[in-house]
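1. okay, predicted coordinates and the sequence, questions at the end:
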Amino acid sequence: MGRAGSCCPGAERLQLPASLCLLLLGYLTLLAPLGKSQVQTPQCRIQKCTTDFVSLTSHLNPSLDGFDAEFCKALRAYSGCTHRTSKSCRGNLVFHSALLGISDLMSQRNCSKDGPTSSTHPAAPIEPCNYHSRHQHQATLPGTGAELPRPIYLFCGLFGDPHLRTFKDQFQTCKVEGAWPLIDNNYLSVQVTNVPVVLGSSATATNKITIIFKPYQECTDQKVYQAVTDDLPAAFVDGTVMGGSSEMRSLLVVEKSPGRHVELHAAYIGVTVVVRQLGRYLTLAVRMPEELAMAFDETQDLQLCMNGCPSSERIDQEGHLQLPMLGLQQQLQQVRPGTATAQRGSTFSLESASSKCREQLEVKDIYFHSCVFDLLTTGDANFTSAAYNALKDVEMLHPKREHWHIFSRSGAQKSSSAAISALLLCLLMAVLL
């Protein structure tokens, strides 16, 4: 009957290449389920083992140096795979044929049973100027196969009067007039300049944004992007639109809407920055890996995205905007038109501001309340679009969908605040009239 261990009967006599035996094994594997007398249990993974083996060896050329070493690695990987699935493949014809074939091929190629094996998932080439590629390369701990956690991304946004959403998802409304740092770490610096919006109000809005991408290996030299009201450029200040070589594309300026919407993509540090102009003022949104955002020292601790606004600069009360009080101010303006409040020139009541904001913001979250706050404070309807697009940037960049919407304090607290405001209105009107 001849040798039972031959993968392909007569292979030695005909001196057929080993790859032909592999193809025949693969063919047998595929045909096995068609045989009525052959029952393959769902747990038997011999077909997967054979497919991986063919994948590992199909590109090998016997005429090139190193063929035997690579082929033996693949055979040992094939043998290991069959060993792991042996219990569930008892009585399986394809499985036992594969065992005999592996033994035969290892003898032909003088392969030792012990030694290195091929990986069925070869590592992708590392792109040194791509944060995701670098992190993926480091994702497997040597010798354990355990995967490291995926990188954590943080989001920060600034819009309106201005309203700040920090890396910790804290929502604040601040004065912060003048130049203030939002981000300042070893990789990125972002600074904004805020100016008063209307006479007699402490609210400000952003009219200048400066972004500095710091040098990083061969990926990019230092690049500076600067936007001011009515000048939202589609390039860095040096006139270029990218950092590094055109092949790497590690840092890019992308104009989405001329003069209105620009995005900066820094692949080498996994950062995306969105800058918009809505009306007379600018908005900003940033996504950045946590490990890079935390790369700063004690001299860089003044970062609004990281630590929020100083308490002396806060307008809100623990994230809650006192909207009924603004309604009170609007009604006082109608009582005494000559007061300083009237200088604000607001054309919205609490009801009309709420109606305007509902046109674009369906959920009554903090973005809706910020919109109402801005309309009551400034009378500028463009702040509705600012709040709407700020939320859209959250949906595009924030890594956790369940955290997109932030809601203010409970309804009971709101009712209490409204009651106090109504009482104050009655008292003040009694005094003024």
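-> That came through fine.

2. for the stretch 1-150 of the chain, give me the ranges with low pLDDT.
-> Residue ranges of the stretch 1-150 of the chain with pLDDT under 70: 1-42, 119-125, 137-148.

3. before we move on, what about the stretch 251-400 of the chain?
-> Scanning the stretch 251-400 of the chain for pLDDT under 70 picks out 318-346.

4. that one: strands as residue ranges?
-> Counting by DSSP state E, counting those that start in this stretch, the stretch 251-400 of the chain has these strands, from start to end: 251-257, 261-266, 271-278, 281-289.

5. possible to save those as JSON lines with mean neighbour count and distance to L304?
-> Bear in mind the C-beta positions are built from the backbone N, C-alpha and C, glycine included. Below are the strands of the stretch 251-400 of the chain laid out as JSON lines (neighbours: other CB atoms under 10 Å; distance: least, CB to CB, whole Å):
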{"stretch": "strand 251-257", "mean neighbour count": "16", "distance to L304": "24"}
{"stretch": "strand 261-266", "mean neighbour count": "20", "distance to L304": "19"}
{"stretch": "strand 271-278", "mean neighbour count": "23", "distance to L304": "15"}
{"stretch": "strand 281-289", "mean neighbour count": "24", "distance to L304": "11"}
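
6. make TSV out of those and add distance to T204.
-> Output for the strands of the stretch 251-400 of the chain, formatted as TSV (distance: least, CB to CB, whole Å):
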stretch	distance to T204
strand 251-257	25
strand 261-266	22
strand 271-278	15
strand 281-289	9
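
7. all strands for the stretch 101-250 of the chain, in order.
-> All strands of the stretch 101-250 of the chain, identified by DSSP E, counting those that start in this stretch, fall at 153-159, 163-165, 171-173, 178-184, 188-196, 204-213, 223-228, 242-243.

8. on the pLDDT front, check I152 for me.
-> I152 is assigned 92 on the pLDDT scale.

9. now do the contacts for it.
-> The neighbourhood of I152, defined by CB atoms under 8 Å, 6 or more residues apart in numbering, consists of P289, E290, E291, P399.

10. switch to 10 Å and redo it
-> I152 makes contact with P289, E290, E291, A293, P399, K400, according to CB atoms under 10 Å, 6 or more residues apart in numbering.

11. now it: how far from A285?
-> Distance, I152 to A285, by CB to CB, to the nearest Å: 18 Å.

12. what's the answer for G157, then?
-> 4 Å.

13. helices along this protein, start to end?
-> Ranges of helices in the chain, per DSSP state H, are 11-14, 18-31, 46-57, 67-84, 93-108, 131-137, 290-293, 304-307, 323-335, 350-358, 366-378, 382-397, 411-432.

14. could you give the angle of the fifth one to helix 67-84?
-> So the one you mean is helix 93-108. 150 degrees (axes from the mean of the first three to the mean of the last three CA atoms, to 10 degrees).

15. what's helix 93-108 packed up against?
-> The contact analysis (3 or more CB pairs under 10 Å, 6 or more residues apart in numbering; DSSP states H and E) places helix 93-108 against helix 11-14, helix 18-31, helix 46-57, helix 67-84.

16. now do the buried residues in the longest one.
-> Within helix 67-84, the residues that qualify as buried are E70, F71, C72, K73, A74, L75, R76, A77, Y78, S79, C81, T82, counting by 16 or more other CB atoms under 10 Å.

17. among those residues, which one sits closest to C111?
-> Closest approach between the buried residues of helix 67-84 and C111, by CB to CB: C72, at 3.7 Å.

18. so what's the closest one closest to, chain neighbours aside?
-> With sequence-adjacent residues excluded and distances taken as CB to CB, 6 or more residues apart in numbering, C72 is closest to C111, at 3.7 Å.
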